[in-house]
Structures are given as C-alpha cells and as structure tokens.
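K.L.:
I would like the atomic coordinates for the input below:
(2 chains)
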Amino acid sequence: MSENLEKQSLDNNPDPNYWRSFKELYNDKETIEKKFHEFEKGVTDEFDPNENLSGLSRRKFLALLGASAAFAGVACTDYRDKGEIIPYNIKPEEITLGKPNFYASTCTGCNSNCGILIKTREGRPIKIDGNPDHPVNQGKICSKGQASILNLYDPERIKSPLRKNYNVFSETDWKSVDDDIINVLTNSGSKEIALVTHKINSPTTLKLLNDFKNEYPNTKIYSYELFNDSIRNSAWLKSYGSGNFPLINWNEAEVILALESDFLGADENRIENSRLFAQSRDVDSKKFNRLYVAESGMTLTGINADYRLSIRPEHQLEFVLGLISELKKKGVVQIPLDFNVNIYDLAKKNNLDSKKVDYLINDLSAKKGKSIIYAGNSLPEDVHIAVNLLNEILGNSKLYRKDSASVDVLPISNYKDFEELVNKIKNNQVAAVIHLNSNPVYHLPEDIGYKEVLSKFENVFSLSETMSESCQISKFILPINHNFESWGDYKTRTGIISLSQPVIMPLHNSRQLESILLTWIKKDSQSYSDTIYHDYLKTNWQENIYPKYSTSISFDKFWYSALHNGFISFTENIDSNLNFNYGAVKFENIQSSNSGFTLVLKESYSLGDGRYANNGWLQELPHPVSKITWDNYAAISHSTAKSLGLKDNDLIEVQVAERKLRIPVFVQAGNTDNTVVIELGYGREYSGIVATGVGFNANKLLSKNSDYSPWIYKNVKISKIQGKYILASTQEHHSFDIPREQDLHLKRHIVVEGTVSEYLRNPAFIKDKHQIEHESVYTPFEYKEVKWGMSIDLNKCLGCGDCVVACNVENNVPVVGKDQVLKSREMQWLRIDRYYSGSPDDPKISTQPMLCQHCDLAPCENVCPVVATTHSPDGLNQMTYNRCVGTRYCSNNCPYKVRRFNFFNYRDHFRNGYQENPVFALLNNPEVTVRSRGVMEKCTFCVQRISDARSEAIRQGRKVKGSDVKTACQDACPTSAIKFGDINNPEEEFYKYRNHELGYYSLSELNIKPNVTYIAKLRNIHSEEL
Amino acid sequence: MNASKLDFLLRSKLPLIVFVIIASFTLTYFVSRPERDGVGYTPDQPIQFSHLLHSGQMQIDCKYCHISVDKTRYATVPSVSTCMNCHSIARKDRPQIIKLTEYYNNNIPLPWKRIHKVPEYAYFNHSVHVNKGIECSSCHGPVEQMEKVGQLNSFTMGSCLSCHREAHDRFPELKNQINKGPEYCSACHR
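P.N.:
As a prediction, the model looks like this:
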C-alpha cells in the first residue's frame, strides 16, 4: 500500500461500487496503474539477455556438454525404434485398457466420512468424486477430499519403518520393529499403554481397540480433534437430556441465523449443509431462504449472508438472550424466564444497524417453526443452551431431522485427560505412548506440556503416513497405508455404515494401521499378512452387523453388495422425544467484559487442522474470502488497522497471556473491530518439503484453559513489530484494464444482481435492465449439431472453491508455489472472483466463478499469429499446445483474463522438481496433455470428457447428447450451481438455464457471444430497502 | 582478385552450388520421407508371431486378440494368457511356443516391439473408427498376409487429415453411414 493511500483514505469517501481490496477502493495509484498491464511488473524479467551471456558459465558449459551428448546419442540410436508395448501376462478381468473403473469407498479426510467414488485407470487412482448414492454427500465431495489423491502419491511418504538411533532415523524392517514393540507392550506390567488417536468413527476399529485392551489391560485410548463439536453436544445433553445435537433440515428453513458459525464453509458437514441450503435458493421453484449471519471474522457463510451483523464473539450470549427478551416483549414467545437484556443496547455497542435487528426479530416471529438459529462450534456452552432454548420456544425443533442423527462411535477425550497422561508419564507410570495416525505434538496446546514430557520419554511409537512433529520425537515411525490402500468401515450417523476398500496395492513398504495393531495383539511379528485386517473386518461384519440387518440374502452377497455400493443403510430408531430442560438455563456473566482484543482461532478452509499442509493444490487454493494462498494471517478490521497504524503485510505480535506469536496482518473488510481472526493448520515444522515453514503456527496460542472457549480468547494484546511479510493474494490478479468508474459492474455486466422481491414482481427485470443487442460484423457461424455451453447459478454458488481443485485434478494443473503466485502466475484454469461493494465495515459480497467463456467470437482467436487457438464446430474455443509459440497475445486480448501461461515447466520449477518425481506420473490424467514451458493453456470445457462421450455414443450408434457430458467442476459443485449441456437441444434440462430469464453474459456489451451463462444473483432482502 | 574471376564465381559457380544444395536437399527430403515416417519399419519381435498364419489361414478375428479395439481408444496387444487359451494345448512342442509358455509360467512381461505410433499429444481413438465401420486394413494394411508385421502407411497428421477430408471417396461403400472425419484441433489434441 503506498504512503499516499493513507492520506487519501482520510479524505476520500469510498464510492459505493465494486471493489476487491482496500487498495482498489481508495484508488491506490499503483493498483490502478497495474490494471493497465497484462502481466505483473517484472513478470517477464526473469531472463536478462545481457546478463552472463558473454562468459561460458558452468551452467552453460554443462548445457553444451549435454547437448553434444544428446546429438551424439541421437546419431547412434535406432531412430525408428518406437519402444515397446508390454501387455499384461494375465489381464485382470475388470480392466479394459483405456476405460476407467470406479470403486466406492469412504473419505477419511475429516469426520464427515463422505462416500466417494475413486476413478482408477489401469489400476491407479486418478480422480475422486462423491458417491452419488451415498445418502450424506450425494455425489459431492469437498476440495480436501478431491485433493487427497495428491497425498496418496506424495513422494515424501514414509517408505519403510524407521528407528531412531542417536537422534537419526534409519530404515529398518517390520519384524525387528514389531518384535521390539511387542516386547515393550508385554513387559508393560502395571504401567499404562497410551493410544493417542484422532476421533474413532469406525465400529470395527473400535472393536479392535477393545481387543487390544483385552490383551493389554492397561491400555487407555486418548482421542482428540483440534476442532470438534463437543461443546455443542454437551450443551444439547444439558438441554434435552440425551443424544447428540440433531441434524438439521436446512432446506426447510426459511430464515437462518448463524451465530459465529461457518456451517457452509469450514464445518464438518458442510457438503450436506451446502446442498440443503442451496435447495432453498432456487430460481426454478422461486424458493428463497433468508440468511442472517452474526459473526466476528468474515467467513464463507458470512459472504453469502443476506444480512450480516458484525458482532464480537463474547457478545453472542447477550445477543441471543436479547433476541429472546425482545420476542417475549412482543408476545411472540411465552417463557417463564426473564433475562432483562436489551438487544438494542447491544446493537449500539457493536455499531449494528438497528434496522437489521428489527428485520431479524420480525422474520423470526413471522417464520416461527420455519426458522433455525445455529451457533458455531467455537462458542461456549451457555450460548448453545440459549440457542437451543430459542429454537425450542420458536417451535424450530420441527426442523431437526427425525430420521437420522449423528453418533459418536467413541466420544473424544478432553484436555484434562491429556494432562493426566502427562502427569503419568512424569511419574513413570506409562510404558509406551503410541500415536495412531495423529499428531498431538502439533495439535495440543503447549501448556499441557505434552511435547516437553514426550521428548524425554523413550517409548514413543508413531504410526503415520508422513513425517510430522509427533514422529520427530518418536523412537519408531511405522509407515501406514493411505486410505486408498486400506480397508475400513465408518459410522458417523444412525442408519448408515460406510465402507472403504483399497484400490491400489500399497505403494511403499507400509501396512494398514489396524493390521499393525492386530499383529501386536497376536504378540507375534510373523502373524502379519496382507489380508489380516480384511479378514477381521469381514468377520466383524458377519458376526455383528449382518445379523442386525435382517435380510434373507447370504452374507457373501450382502458383503459384496455393500462393497459395491460403498455403504449400507438400515433403519435405526432415534430418540425423537425432545423435552427441553428449563433447569439448564442458568446464565452468569451475561454482560461480557473485555479490556483488550478478542482472538478467534479458526480451522483453515483448505488445510483442515494441518493434516493437508503438505498438499500443494490445497496450499495454492485461494482462501474463499481473502484470496490469500500459501499463508495464514491475522485478519483485523479496517478501523482497527487504522487505529493501530497497521497496513497489509505488517508484522504484529499477538499475545494471549504468556503466549506470543508473530504474524502478518491482513485487513479484512467486514471484520469486527478489535477482533483478530487467525486460521490454524499452518506453520508445520516437520512435514514435507511443501508444507514445512509455510505460514505461522498459531496453535502456539492455544491453551488448556481459556477465559471463553478453547478457540476464542479474550484480553489479547496486539503490538506492531518491525518488519514486513508479504502475503500472496490473488485478489487483484487478472483484473480489468480500465480504472474504476462509477457503477462499473452495471455498465460492463460482470456481476448482475437484483433482489428477490424485484424478481417476483417482474421476472424479466434482468433482461429489461441489462439486455443489449448488438449487430456483429461477422457472419454468424451456424452450429448445426451439438453446441456446448455452461450455466452458473450465482444464487447457488457459495464461492467455496471445490470446483477449482476438481479442475486441477482433472486437468493436470501444476502447483506453482508462493513466489510465482506473487507474480500472478498461478495456473488454475478456474478462479472464483470475489467483489466487495458498499462500505468497508459492512460490505456486500458477490462471488463469481470465472473460466474460459468459449466465446463464439473469441477475441483470443483473432490475434494468435500461429493459429494455435481456434474454434470447433461444437462451439469450443480450442487450445492446441503443440502449435503455441508463447506470444501471449491471446491472453492479452482476452477480456475475462482466463488464459494461463507456462512461464516455466512448473513441475520442474516448484520446490526443486518436486512434481517431477516419477511417482507423480501415476497421478496425471492420461487423457489430458501435461503442458510444459512456453505454452498457453486454459479451460477446455473438459474436452477429454466430451471426446469420451462422443466415442461412447458412436459405439452405441447414436448421436452425442448434452447430458452425456459432465465437466469436472460440475461434478464437484456441492450446490449444483454449474450446469453443462447442449445449447441447441430444447429438450434438455440445461436449455432452461441457458435461456433463463435471469441469465446474462458477463461483459455482454463486447458482443463476443460467450457460451457461459450466469444466472443473476438475487439477494433476499427486505424490499423497503430499495 | 580481378573482376573476371569474381564475375565467374558469382554468375556461374554460386548458382550451381545453390542449385546442387537445394536439389540434393529436396531429393533427400522426398526420397527419405516414407522412411522418416516409419513406413516399412518391420522390427523383430520377441516371439515370431505370424499374422499370416493366425489371421490369414486360420481366420481368427482381429477382435479375438485385440479386444478393446471397439471399446476404447486402444486396440490392446493381447495378454499372454490370451495366447495360452489355445497354446496350453496346441503346438506345445514348437520352440516359439515353449518360449511363450516360459514367459507365461514365470510371469515375465512380454516386450513386443511397437510398430505403429502416433505422438503422445495426439489422442487417436480406435473404437470410433472401428465402430463407424472402417476396416483395420484401411490403416494397417493387409496384416493377414504378413508373416512379420510392418508399417505400411504413414501415421502423420497429414495422413489422418487427408483421409478425414476424403472419407467418402476412400470409403464409397460407407458413404451413407459416415460423415467426413472431424478436422478441428480438439478432436485429436487436448
């Protein structure tokens, strides 16, 4: 940010049209100047022709040497030799060369355990999609699940058992490790064996752990999750006496109030939540819910809100009780309790627009029984009880699902249990600590002292896929199979058990976690076999699950059909008798005091709790709100930044009690004043080459006892410190080459918006306002047969970025690294544009997926000097890599800025050739060319899928239909906002969206006739605001 | 240097040299063209398999071995187990079959020499062509008459396109069934 910006910002009033960052809002000269240039300054300066050309450098000498060797080699080889074709000796029955096989399995990326379909080609997994039959996620899967395939092929997975000798790990064999560990376990005597694990969702793993306990009676299981819903569930238990917090029919809610909750963004069930939520944002049925969000930091849920109230987290209890009091005062609800909280006082305290509060109260009373109030996992128990009460008295408990509920196979432990474990280790009462695919050294608060005490303890054994902070202090590291190499079953809700099955032989000398435990249970290192856990799982299903599933088919049939489907579903009664316990409603300290800042620690959108940190695709996925990649940061509000004299990229020190962290600042529009939001999952010290040292380890700020909740801390101090740290944000990349002008979005039709009431009054209002008919100088080309097109419903698009990762996986898009993102060279073919409008304190936000629009009159095609980009008769804008010579004229002439240039061979360039590792060759989609340096690339509308559909249609002797093809982004979109099909076929579902009354083309006045239709976003706000 | 010598060099010798260079280049270019395109390439195979015997005299259908030619873009070289369907009984005493059985029994991959190849960036699809009724021999030649298979036609983009453009002339019998082949880039390149 330039110096004069601060001065400007004091006297310049921000104008109310679209902006993407503060620099843009205040007309920062540098930023405006940048927009006139296609590429970032210095982007083409990598190779200075005057530099080092005269002398024969070592590099050049080697290059010459190599070249002459290559020439000599070429002269001597049999140039006609075309290599070999090596067929199978015995072809597996299910494999047809060139045809993918799909296997149903279960994702273990988080505790949602969504059903997945693993696409394999010739025995290697290449793509993950949701299992369309699975009742929870219904064919959709989040970005973490999509990208988890990169973890399978991660070249830095531990490849064989490691033993620590004098602080150095050396490879060893399974037998000696197993023997040593069995020896420790059998001689444990009365000492405890501690098994530290993430949450257990598998009934069979639980049975196995119980078997382990029977064999070694002093075993204790410690299970933890850095982010969990235990507070929500304990509040539910106090309110209703039994069960877990119920699942919610979001699709039936007409009014939703989310309190500090990211139920569409980072929460565990978000794929299902998003789907149900978007069902009531439907332009077909004209059904629109209204979302109120009261939160501190700007979240993915917050950017989709119709009304967003910016509230400090510690005021949430007051806010809920204020709502109850106000509703009681209005006679909407009758309760025998009185809280005497005035919501308008609170509104004043938080600078809230009292009109919004009025709307909220009116909506809640008007939609009694059809609304839902939902508190975030990080809020303390009191707030959850108050929310349960409010839902109860409004009759909203009707929206709780009666047919299914979430279940815990094994409830998680709390920090007290871990403190006890630490004490036991100190008192020499523990024989061994075994980490079961968990990383407590990184995840647990430092003041528990886990790391300290474990560093001095000898018998620490870690079962892990990759190196981690916990592995680092272990005596043995045992490599375990990736989920795609493993068997398993998972139960996270009543009536459904999902199965996972291996789709590839273990790539390394690793074993399945459960198999290792089984070997230890048998106390014989020779008892291991590849099928040991498979047999155990099958026996458990035969003995315990099959009998409950009263069916007449044989077990074998039952088992194989369950494996085929990926899950079984059955009726399981749940306690749907809800009686609210008014005795639980006792609140102290309703009015919260806070002398300093409030710190909110959040789960990272892409890295989860840090277990996906070594995944380049996820590191490079821009944050859905700030668009920052490769880092976490401290998000503070605009006015807080001003009062502290902070700018983007300034370093601050955050201090909670004695714990301190240095972290750069990012000024986030819409954040609550005096609140700092930091995402966890970054700052890994011992991980792979991708993750180590990326971001800042904010876990250091966690404490076992918080003054508010485990994730929210009050009385936090912030001080500016010397230095800067540059964050790589993509938010101003690929911007438009004109300065900001008044009502740019209306004039240029990038984002078109309206309100629901406007739409209901006049369904054609978008066309009336924005339709522009131009004459074209070109004679129109006649598209006789199929013509491909896409429609994107901005009402359903939440801006999550799942489509971006799906596109990366499908199209072999490389990771470029932070240094290249800073130069605006990210390679993602699809990006989510995010625009702010309105004031920096209460901005309105629009998101828009932007990809190649495959214009009929594409400007890129006219300027290519070598005809590398042309148009196909089915309406695709084609990119032919072999013809491209890299002039980048096309990118310069593209108004949407969706073309991406390979400035390097990024597979070689990123992290010293990390992606050139031979194992990554298995990951690539064999139907898509792997691009190298010097060529332009862009979205192809998944032309490989179109070709596939075409050849299948020819095989069946028919013409290809629009509905035969689904693009990767369409497959991934959790809300089904993306539709793809044939523009010329009126009988298809897609036709309706292509010609929708709310449909518009981005930048339609250019008259380049795009084939992507956007359905205008409607905000469900009160019409009197108009 | 006197003027007449320079004159001779420029007027007579230089054009001659230029002519000879261009002529020899052109001649070499066109004469070596088929060779450079791989036409006539007939490598030795690890097993002396005879298409003349199997496909010609015994009239085994191409698809018995090349199973996925009408299903996917690959024609598929058969797995050794396909050979063993017959040869676990038939002609077990012949040296080539003994060699084949050794590959099979010891589970050693059989490295056939590749004869026909289009570059990796071209996605040729067998099934589309076969399912449209194009004969294998249209590109591969009369394989059933070959003792040892070699490449007969060139597999360059030019050859693909010339057939795509003249599809109706080349296959008059399929005139009513097939359209002209696609000529747009993404039909083959993606």
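
K.L.:
going by C-alpha atoms from here, please, whenever you check contacts or count neighbours.
P.N.:
Will do.

K.L.:
hmm, stretch A:781-796 touching chain B?
P.N.:
No. Contact between stretch A:781-796 and chain B is absent, the nearest approach being 12.7 Å (criterion: C-alpha under 8 Å from any C-alpha of the partner chain).

K.L.:
so what's A:Ile128 bridging to?
P.N.:
Counting by DSSP bridges, A:Ile128 is bridged to A:Ile118.

K.L.:
show me what contacts it?
P.N.:
Taking C-alpha atoms under 8 Å, 6 or more residues apart in numbering or on different chains, we find A:Ile128 in contact with A:116-119, A:145-146, A:149.

K.L.:
one more pass at 10 Å, please.
P.N.:
A:Ile128 sits next to A:102-105, A:107, A:116-120, A:140-143, A:145-149, A:806, A:809-810, A:972 when contact means C-alpha atoms under 10 Å, 6 or more residues apart in numbering or on different chains.

K.L.:
can you report how many residues neighbour residue 72?
P.N.:
In the absence of a named chain, chain A is used. Neighbour count of A:Ala72, defined by other C-alpha atoms under 10 Å in any protein chain shown: 11.

K.L.:
meant chain B, my bad for not saying
P.N.:
Counted with other C-alpha under 10 Å, the neighbours of B:Thr72 add up to 21.

K.L.:
geometric centre of chain A: which residue is closest?
P.N.:
A:Ser606 (4.0 Å; C-alpha atoms, centre = their mean).

K.L.:
would you check that A:Leu822 makes contact with A:Ile726?
P.N.:
Yes. Using C-alpha atoms under 10 Å, A:Leu822 is in contact with A:Ile726, at 8.7 Å.

K.L.:
now A:Thr869. Nearest residue, chain neighbours left out?
P.N.:
Among residues not flanking A:Thr869 along the chain, A:Met879 sits closest, at 4.6 Å (C-alpha to C-alpha, 6 or more residues apart in numbering or on different chains).

K.L.:
B:Gly56 now?
P.N.:
B:Gly56's closest residue in space is B:Glu144 (C-alpha to C-alpha, 6+ apart), at 4.4 Å.

K.L.:
for the residue nearest to A:Thr869, give me its contacts.
P.N.:
Neighbour list for A:Met879: A:861, A:867-871, A:935-940, B:185-186, B:189-190 [criterion: C-alpha under 10 Å, 6+ apart].

K.L.:
so how do I select the buried members of these in PyMOL?
P.N.:
Remark: buried members of the contacts of A:Met879, expressed as a PyMOL selection using 16 or more other C-alpha atoms under 10 Å in any protein chain shown:
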select buried, (chain A and resi 861+868+869+870+871+935+936+937+938+939+940) or (chain B and resi 185+186+189+190)
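
K.L.:
closest to B:Phe8 among the contacts of A:Met879?
P.N.:
The nearest member of the contacts of A:Met879 to B:Phe8, counting by C-alpha to C-alpha, is A:Val867 at 45.7 Å.

K.L.:
picking that back up, so which of the contacts of A:Met879 belong to helices?
P.N.:
A:Glu861 (DSSP state H).

K.L.:
lowest pLDDT pick from the contacts of A:Met879?
P.N.:
Model confidence across the contacts of A:Met879 bottoms out at B:Arg190, which has 87.

K.L.:
confirm that A:Tyr560 sits in a helix.
P.N.:
Yes. Applying DSSP: H, G, I helix; E, B strand; the rest coil, one finds A:Tyr560 inside a helix.

K.L.:
contacting residues for it?
P.N.:
Applying C-alpha under 10 Å, 6+ apart to A:Tyr560 gives the contacts A:Gly566.

K.L.:
with A:Asp856 instead?
P.N.:
A:780-781, A:871-872, A:875-877, A:1007-1011.

K.L.:
among these, which ones are buried?
P.N.:
Buried members of the contacts of A:Asp856, counted by 16+ other C-alpha under 10 Å: A:871-872, A:875-877, A:1007-1011.

K.L.:
grab the nearest non-local neighbour of the spatially most central residue of chain B.
P.N.:
Note on chain B: the residue nearest the mean C-alpha position is B:His116, at 3.5 Å, using C-alpha atoms, centre = their mean. Excluding its sequence neighbours, the residue lying closest to B:His116 (C-alpha to C-alpha, 6+ apart) is B:Gln151, at 6.5 Å.

K.L.:
the one you found touches A:Lys82, doesn't it?
P.N.:
No. Counting by C-alpha under 10 Å, B:Gln151 does not reach A:Lys82; the two are 11.7 Å apart.

K.L.:
which residues are in contact with each of those two?
P.N.:
Listed as contacting both B:Gln151 and A:Lys82 by C-alpha under 10 Å, 6+ apart are B:38, B:41, B:43, B:115-117.

K.L.:
residue ranges in the chain under the pLDDT threshold?
P.N.:
Because you didn't say which chain, this covers chain A. Applying pLDDT under 70 to chain A flags residues A:1-18, A:35, A:38-57, A:74-78, A:733-747, A:769-772, A:1024-1026.

K.L.:
switch to chain B, that's the one I care about
P.N.:
B:1.

K.L.:
are the helix ranked longest in chain A and chain B in contact anywhere?
P.N.:
Scanning chain A for the helix with the most residues, using DSSP H, yields helix A:58-76. No. On the criterion C-alpha under 10 Å from any C-alpha of the partner chain, helix A:58-76 is out of touch with chain B, staying 14.0 Å away.

K.L.:
could you point out which element follows that helix?
P.N.:
On the C-terminal side of helix A:58-76, the nearest following helix or strand under DSSP states H and E is strand A:84-85.

K.L.:
packing partners of that next one?
P.N.:
Judged by 3 or more C-alpha pairs under 10 Å, 6 or more residues apart in numbering or on different chains; DSSP states H and E, the packing partners of strand A:84-85 are strand B:112-113.

K.L.:
return the list of helices and strands in contact with the strand it packs on.
P.N.:
strand A:84-85.

K.L.:
and the next element down the chain from the lengthiest helix in chain B?
P.N.:
When chain B is parsed with DSSP H, its longest helix is helix B:14-36. Using DSSP H and E, the helix or strand that directly follows helix B:14-36 along the chain is helix B:51.

K.L.:
how far away from the center of its chain is that next one?
P.N.:
Remark: helix B:51 is offset 15 Å from the chain centroid, using C-alpha atoms, centre = their mean, to the nearest Å.

K.L.:
pull the CA atoms of the helix or strand following it into PDB?
P.N.:
Using DSSP H and E, the helix or strand that follows helix B:51 in sequence is helix B:62-65. Output of helix B:62-65 as PDB, limited to C-alpha atoms (Å, rounded to 0.1, in the frame of the first residue of the first chain):
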ATOM      1  CA  CYS B  62      -8.800 -59.400 -35.100                       C
ATOM      2  CA  LYS B  63     -11.000 -58.700 -32.100                       C
ATOM      3  CA  TYR B  64     -10.300 -62.100 -30.600                       C
ATOM      4  CA  CYS B  65      -6.900 -60.800 -29.500                       C
END
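
K.L.:
show residues contacting helix B:62-65.
P.N.:
Helix B:62-65 is touched from outside by B:51, B:54-55, B:69-70, B:75-79, B:82-83, B:136, B:143-144, with contacts defined as C-alpha under 10 Å, 6+ apart.

K.L.:
kind regards, and thank you for your time.
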